[in-house]
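Q: Model the structure of this input:
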Amino acid sequence: MDKDLVFGDPTAPRFVFWEKKLRATPSGPDIVTFDLLTLLGKIRAGLGAVGILKGPAPGGRGADQNKVLP
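A: Got it, this is the predicted structure:
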């Protein structure tokens with residue numbers, strides 16, 4: 001089985017398939033035009049990137065809520 005694994009190129013661009021549309025994920029200033037984040041989400045991401053905000057948004061969906069349970 002290990003022989004069948006193929007690792008992706010870490011330098012290749014990343015994409016998200018959402019609502020039948022393939023969208024490139026932002027990698028810098030293009031986050032302003034990224035349509036999967038709300039304005040509040042973009043502000044929070046920017047503040048988190050510079051170290052002002054840390055942790056999940058209060059009352060928001062945390063990473064543990066996105067897991068699929070058996």
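
Q: separation between the residue nearest the centre of the chain and Val16?
A: Nearest to the mean C-alpha position of the chain, counting by C-alpha atoms, centre = their mean, stands Thr25 at 7.3 Å. For Thr25, the distance to Val16 equals 6 Å [C-beta to C-beta, to the nearest Å]. For every residue, glycine as well, the C-beta is placed using N, CA and C.

Q: Same check on Thr33?
A: In terms of C-beta to C-beta, Thr33 sits 14 Å off from Val16.

Q: The two: who's more crowded?
A: More crowded of Thr33 and Val16, by other C-beta atoms under 10 Å: Val16, with 11 against 8.

Q: Report whether that one is found in a strand, as I expect.
A: Yes: counting by DSSP: H, G, I helix; E, B strand; the rest coil, Val16 is part of a strand.

Q: what's the closest residue to it other than its chain neighbours sitting at in phi/psi?
A: Excluding its sequence neighbours, the residue lying closest to Val16 (C-beta to C-beta, 6 or more residues apart in numbering) is Arg23, at 5.1 Å. For Arg23, the backbone dihedrals (degrees, to the nearest 10) come out as phi -120, psi 140.

Q: distance of Arg23 from Asp4?
A: Taken as C-beta to C-beta, the span from Arg23 to Asp4 is 29 Å.

Q: higher neighbour count, those two?
A: More neighbours surround Arg23 than the other of Arg23 and Asp4, with 14 against 5 (other C-beta under 10 Å).

Q: Can you show me the strands along the chain?
A: 15-18, 21-24 (DSSP state E).

Q: related to what we said a few turns ago, what pLDDT is listed against the residue nearest to the centre of the chain?
A: Thr25 is assigned a pLDDT of 85 by the prediction.
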